[in-house]
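sequence? don't have it. structure:
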């Protein structure tokens with residue numbers, strides 16, 4: 001890949017995840033401290049990402065694969081999103097905040113598939129070339145968390161500033177998107193059906209039994225993931241951890257390290273072991289959270305956070321590459337949109353609907369009984385892992401990764 005393209009894609013990834021990490025990590029704490037929200041309302045706010053993820057494949061299938069270049073759509077969505085985020089920072093009630101964040105996530109979630117699509121279109125060997133580009137997204141998330149910790153916005157109840165910070169970054173990415181490497185539509189002149197226009201043709205991937213099981217596992221494993229995204233920051237703040245958002249960025253440091261090692265792990269382990277190790281890390285993470293505290297077992301909280309690198313990279317990044325290797329040239333954008341629907345859409349939606357009432361059920365006079373709460377996602381993750389190991393059969397390594405391993 002041309003160096004200038006690699007730099008542009010890396011900046012794109014940095015800003016894409018800086019925007020998300022800039023407000024998403026501390027959302028639960030913001031809602032409790034600024035808007036006096038309940039656990040169920042927190043889950044409803046996080047549920048908006050699932051709404052956006054479910055709509056995302058239709059935006060990608062209708063537009064990105066057919067009418068407009070992916071990088072131009074990316075620019076328009078981020079410019080519009082910056083305006084919404086700015087207005088969200090001004091709200092003082094949950095009823096005023098919720099509709100804004102619904103609209104924002106409908107705009108933002110398609111961009112997760114778009115940045116992948118723009119990247120993959122420039123690469124001859126995604127298994128080797130994608131991780132070094134995608135790792136800049138992790139760095140962006142880290143910088144967002146460190147920024148929040150540096151200014152002490154959690155301790156001073158100024159988390160509304162996280163939305164303004166994200167709005168500025170979104171405006172910047174929106175403008176920069178128009179200078180990204182071109183990713184023109186692949187089906188501009190094709191005679192296609194309504195099913196194809198909606199991006200549903202990517203469902204053909206599910207005819208492969210191994211991919212179908214991966215798809216279903218992606219949905220199931222994201223149910224416990226909702227507990228982590230929705231309530232970890234609130235949990236750490238209630239536990240008494242200082243600068244919790246900054247400490248949580250250790251998870252992204254771990255993510256960055258393992259991201260760079262993914263090509264090596266692909267060659268050594270193959271798809272099945274990569275995915276299984278990722279799910280096992282989720283089980284361990286929640287167990288550590290259940291027994292951890294800021295005193296004698298502080299190390300458990302840190303290890304649980306650091307395990308995020310294995311949790312995310314071994315399952316999500318591996319899954320994105322696995323999906324790209326199975327998708328045909330015509331439907332690469334739609335395929336990435338479909339896996340976004342499975343994970344951040346259906347799976348996280350179910351998890352958000354379940355996690356909020358559970359957290360409310362374990363509320364106490366001083367906060368929550370987190371030891372009991374975290375054992376629930378640990379149990380769900382363990383069940384998904386066992387079923388995946390028993391039935392998933394595809395152990396292959398992407399051919400290009402094997403062919404080019406001698407170059408790294």
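Arrived safely, thanks for sending. Keep in mind that what you see is a predicted model, and the values were worked out from it rather than measured.

now residue 8, nearest residue through space, not along the chain?
Distance criterion CB to CB, 6 or more residues apart in numbering; nearest residue to residue 8, sequence neighbours excluded, is residue 180 at 5.5 Å. C-beta here means a position set from N, CA and C on the backbone, and glycine is covered the same way.

If I look at the one you found, what pLDDT would I see?
Residue 180 is assigned 90 on the pLDDT scale.

In this structure it contacts residue 78, no?
No: contact criterion CB atoms under 8 Å: residue 180 and residue 78 do not qualify, at 11.5 Å.

where does the stretch 251-400 of the chain dip in pLDDT?
Under the criterion pLDDT under 70, the flagged ranges of the stretch 251-400 of the chain are 328-333, 395-400.

quick one: the strands in it?
Secondary structure of the stretch 251-400 of the chain by DSSP state E, counting those that start in this stretch: the strands cover 363-364, 367-368.

ranking those by burial, who's on top?
Of all those, strand 367-368 carries the top mean neighbour count, a mean of 16, counting by mean count of other CB atoms under 10 Å.

quick one: strands adjacent to that one?
If you go by DSSP bridges, strand 367-368 pairs up with strand 363-364 (antiparallel).

about what we covered before: pull up the gap between the residue nearest to residue 8 and residue 166, please.
20 Å (CB to CB, to the nearest Å).

of these two, who's got more company?
Neighbours per residue, other CB atoms under 10 Å: of residue 180 and residue 166, the larger number sits with residue 166, 26 against 23.

any idea how far the more buried one lies from residue 237?
For residue 166, the distance to residue 237 - CB to CB - is 20 Å.

likewise residue 265?
Residue 265 is 34 Å from residue 237, by CB to CB.

the more surrounded of these two?
Neighbours were counted for residue 265 and for residue 237 using other CB under 10 Å; residue 237 has more, 21 against 18.

How about the contacts made by the more buried one?
29, 154, 244 (CB atoms under 8 Å, 6 or more residues apart in numbering).

So it: helix, strand or coil?
helix (DSSP: H, G, I helix; E, B strand; the rest coil).

Run through the stretch 101-250 of the chain and note the low-pLDDT ranges.
In the stretch 101-250 of the chain (pLDDT under 70), the answer is 184-201.

coming back round to it: return the closest of the contacts of residue 237 with respect to residue 203.
Within the contacts of residue 237, the smallest distance to residue 203 is 38.5 Å, found for residue 29 (CB to CB).

ok, now how distant is that closest one from residue 386?
Distance from residue 29 to residue 386, counting by CB to CB: 34 Å.

Tell me which other helices or strands the host helix or strand of residue 247 touches.
Using DSSP states H and E, residue 247 falls within helix 244-291. Helix 244-291 sits against helix 126-151, helix 209-239, helix 298-306, helix 308-312, helix 318-326, helix 370-391, helix 399-404, with contacts defined as 3 or more CB pairs under 8 Å, 6 or more residues apart in numbering; DSSP states H and E.

quick one: which of those helices is nearest residue 354?
helix 209-239 (6.7 Å).

The closest one versus helix 126-151: what angle between them?
Using axes from the mean of the first three to the mean of the last three CA atoms, to 10 degrees, the direction of helix 209-239 lies 10 degrees away from that of helix 126-151.

Distance of the closest residue to residue 313 other than its chain neighbours relative to residue 270?
In this structure, residue 313 finds its nearest non-sequential neighbour in residue 258, 4.3 Å apart by CB to CB, 6+ apart. Distance, residue 258 to residue 270, using CB to CB: 16 Å.

who's more crowded, these two?
More crowded of residue 258 and residue 270, by other CB under 10 Å: residue 258, with 23 against 16.

For the more buried one, which residues are in contact?
265, 309-310, 313-314.

What number of residues are in the vicinity of the residue nearest to residue 312 when sequence neighbours are not counted?
The shortest distance from residue 312 to any non-neighbouring residue, by CB to CB, 6+ apart, is to residue 255 (5.3 Å). The tally of other residues near residue 255 (other CB under 10 Å) stands at 28.

Residue 143 too?
Neighbour tally, residue 143, other CB under 10 Å: 17.

ok, now residue 203?
Neighbour tally, residue 203, other CB under 10 Å: 15.

Please verify my assumption that it contacts residue 338.
Yes: counting by CB under 8 Å, residue 203 touches residue 338, with 7.1 Å between them.

Okay, residue 280 and residue 270: tell me how far apart.
Applying CB to CB to residue 280 and residue 270 gives a distance of 15 Å.

what does residue 96 give?
49 Å.

now swap in residue 385 and tell me
17 Å.

what's the answer for residue 257, then?
21 Å.

now swap in residue 287 and tell me
From residue 287 over to residue 270 (counting by CB to CB), the distance is 26 Å.

list the contacts for residue 31?
Counting by CB under 8 Å, 6+ apart, residue 31 touches 37, 41-42, 45, 94, 97.

Just the ones of these in helices?
Members of the contacts of residue 31 lying in helices (criterion: DSSP state H): 41-42, 45, 94, 97.

Just flag the most distant two among those residues.
It's 42 and 97 that sit farthest apart of the ones in helices among the contacts of residue 31, by CB to CB, at 11.4 Å.

What is the burial count for the spatially closest residue to residue 92 that is not a sequence neighbour?
Nearest in space to residue 92, with sequence neighbours left out and distances taken as CB to CB, 6+ apart, is residue 35 at 7.2 Å. When neighbours are counted by other CB under 10 Å, residue 35 registers 19.

any idea how far residue 35 lies from residue 217?
Taken as CB to CB, the span from residue 35 to residue 217 is 35 Å.

got it, and residue 209?
13 Å.

out of those two, which sits in the busier spot?
residue 217 (23 against 12).

List the contacts of the most centrally placed residue in the chain.
Against the mean C-alpha coordinate of the chain, by CA atoms, centre = their mean, the closest residue is residue 344 at 6.9 Å. For residue 344, the contacting residues are 49-50, 52-53, 109, 112, 222, by CB under 8 Å, 6+ apart.
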